[in-house]
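quick one, what's the 3D model for this:
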Amino acid sequence: MKKILTMMLAALAFTACSTDDEYDLDYFTQKYAKPQTSETPGGTEEPTETPVAEADTFYVAIAYSGSTATVTGDVDKVSVSQTGADVTVTSTTDKYLQLTLSGTTTDGSLLVYSDKAWGLVLNGVSLTSQDGPAINNQGSKWLYLTLADGTENSLSDGTAYAERDIDQKGTLFSEGQILFSGDGSLTVNGSTKNGIACDDYIQIDGGTINVSVASSGSNGIKANDGFTINGGTLTIDVKADGARGIRSEAYAIVNGGTTTITTSGDCEVETVNGVRDTTSCAGIKCDSIFSMKDGTLSITASGDGGKGINSSKNVELSGGTLTITTTGSNDVGKPKGIKSDTGIIVSGGSLSVTVKKSWALDNGVDSEDPLDRITIEGTPATKNVNKRLVTIAY
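Alright, predicted model coming up:
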């Protein structure tokens, strides 16, 4: 059986059209999925790395226990250093590094340097750092993060970050892209910075992910180059002023899954050189297009000026169920349900927006007619567009 599996894996490594390759390994069962190649606004993006055959993979397992960690597997193929339960793994070869984490520590972390894409399986791990991120990926290639089936995993950062000459932007931080998959669960607790942060883009294909960020922290999920959810369950709760559930400096795409976002912070007000700058909370804030084609997305914002979706470009709903509720005051900011600088376009799915103050919709058009603030394509079965209440269903 092992020989047959190895031959199958080798064949899959050379099959470019394969989108879902299943690996049955000694340490765990892991499902790989290639990144989306047609959902990136503005063009098609091919993944830079794909999973490889078992023969081209190094396997390293880290078992945390109290104040220490035990590292086993192909430790002679990588560089491993540790201080207590703080473990650093460095891979500089052309092989594919596969790490598995398990066990519990209240004073530990994982730092990884890899020249190539690598895989990380959370197999029942509870990892709390005292002075920085729980997991820090300093590699610029894909991080394939799998939540092992049936496992519960948790990551927590330190209440203060030690100064280092590397980026440390959240409890789970990655320089390269992150792809989440698997059928386990992950709880991410952020007390100082973001819950999950990535200097590239993030894609969620599966798993149950819960992100909670305290009032002393920042955003729930922060991605520089885009955010996509295709499946799984994502729950985000952020309490900091001016924080966003999902902050993308590019696009935000919802293709499936169940996402629930709650923000409770007020506006963050800063004065720099005599100029007052106000940042309001938002369930999702993106600097490019927001697109929803399927799935369920529910956003609740209760702080002053809190918004549901705040996009620099179009907000487009063509499928799925989108529900937004804002209950905050407008003493400092204006708590709008959906704000877009270019347009709000609905052509399918179900939309429900309720606001206590200000306008439910803002598409950049200064009009007192609510219908001027949205573009409705086709003929919905239900259409009710008022200043503070919008319901549209196809």
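
contacting residues for residue 91?
Taking C-beta atoms under 8 Å, 6 or more residues apart in numbering as the contact definition, residue 91 lies against 58, 77-79, 97, 112-116, 118. Where you see a C-beta, it was placed from the backbone N, CA and C, and this is true even at glycine.

per-residue confidence for residue 270?
Per-residue pLDDT puts residue 270 at 88.

and the closest residue in space to it that isn't next to it in sequence, what does it touch?
Residue nearest to residue 270 in three dimensions, not counting chain neighbours: residue 277, with 5.0 Å by C-beta to C-beta, 6 or more residues apart in numbering. Shown in contact with residue 277 (C-beta under 8 Å, 6+ apart): 269-271.

gap between residue 277 and residue 268?
Counting by C-beta to C-beta, to the nearest Å, the gap from residue 277 to residue 268 is 9 Å.

just residue 103 next, same as before
Taking C-beta to C-beta, one finds residue 103 at 38 Å from residue 268.

so which of those two has more stuff around it?
The residue with more neighbours, out of residue 103 and residue 268, is residue 103; 20 against 17, by other C-beta atoms under 10 Å.

where are the low-confidence patches of this structure?
Under the criterion pLDDT under 70, the flagged ranges of the chain are 1-55.

report the buried members of the contacts of residue 91.
58, 78, 97, 112-114, 116, 118 (16 or more other C-beta atoms under 10 Å).

stretch 192-203: how far from the chain's middle?
6 Å (C-alpha atoms, centre = their mean, to the nearest Å).

apologies, that question was intended for stretch 331-348.
22 Å.

and residue 145, bridged to which residues?
residue 120, residue 180 (DSSP bridges).

surely it and residue 120 touch.
Yes - with contact defined as C-beta atoms under 8 Å, residue 145 counts as touching residue 120 (4.9 Å).

gap between residue 155 and residue 211?
10 Å.

so for those two, which residues contact both of them?
Taking C-beta under 8 Å, 6+ apart as the contact rule, residue 155 and residue 211 both touch 187-188.

next, name the residue at the spatial heart of this structure.
Centroid-nearest residue in the chain, with C-alpha atoms, centre = their mean: residue 221, separated by 4.9 Å.

now residue 152. Nearest residue, chain neighbours left out?
residue 185 (5.2 Å).

ok, that neighbour - how many residues close by?
19.

same thing with the one 4 residues further on?
For residue 189, the number of neighbouring residues by other C-beta under 10 Å comes to 18.

list the contacts for the closest residue to it other than its chain neighbours?
Using C-beta to C-beta, 6+ apart and skipping the chain neighbours, the partner closest in space to residue 189 is residue 156 (4.1 Å). Applying C-beta under 8 Å, 6+ apart, one finds that residue 156 lies in contact with 127-129, 134, 171, 188-191.

for these, which one is nearest residue 316?
Residue 316 has its nearest neighbour among those in residue 188, at 28.6 Å by C-beta to C-beta.

just the element for that closest one, please.
Element membership of residue 188 [criterion: DSSP states H and E] is strand 185-190.

list of residues touching that strand?
Contacts of strand 185-190 (C-beta under 8 Å, 6+ apart): 122, 147, 151-157, 170-172, 180, 195-196, 207-214, 217-218, 220.

check contacts around the closest residue to residue 334 other than its chain neighbours.
Sequence neighbours aside, residue 358 is the residue nearest to residue 334 in space, at 4.2 Å (criterion: C-beta to C-beta, 6+ apart). Residue 358 sits next to 330, 334-336, 388 when contact means C-beta under 8 Å, 6+ apart.

wait, residue 125 touches residue 101, no?
Yes - between residue 125 and residue 101 there is a contact at 4.1 Å, judged by C-beta under 8 Å.

shared neighbours, those two?
Common neighbours of residue 125 and residue 101 (C-beta under 8 Å, 6+ apart) are 64, 153.

now, the contacts of strand 185-190 that are in helices?
Among the contacts of strand 185-190, none falls in helices (DSSP state H).

the residues you listed, buried ones only, as a PyMOL selection?
Provided next is the PyMOL selection string for whichever of the contacts of strand 185-190 are buried by 16+ other C-beta under 10 Å:
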select buried, resi 122+147+151+153+154+155+156+157+170+171+172+180+195+196+207+208+209+210+211+212+213+214+217+218+220
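
returning to what we had before: list just the nearest of the contacts of residue 358 to residue 256.
In terms of C-beta to C-beta, no member of the contacts of residue 358 lies closer to residue 256 than residue 336, at 26.0 Å.

close enough to count as contact, the closest one and residue 326?
Yes - using C-beta under 8 Å, residue 336 is in contact with residue 326, at 7.1 Å.

can you pick out the residue with more neighbours from these two?
Counting neighbours by other C-beta under 10 Å for residue 336 and for residue 326 shows that residue 326 has the greater number, 31 against 28.

residue 377 versus residue 317, what's the distance?
Taking C-beta to C-beta, one finds residue 317 at 10 Å from residue 377.

can you pick out the residue with more neighbours from the two?
residue 317 (25 against 12).

and the more buried one, bridged to which residues?
residue 292, residue 346.

which residues touch it?
292, 345-349, 351.

go again using 7 Å as the cut-off
Residue 317 sits next to 292, 346, 349, 351 when contact means C-beta atoms under 7 Å, 6 or more residues apart in numbering.

out of those residues, which comes closest to residue 286?
Closest to residue 286, out of all of the contacts of residue 317 and judged by C-beta to C-beta, is residue 292, at 11.8 Å.
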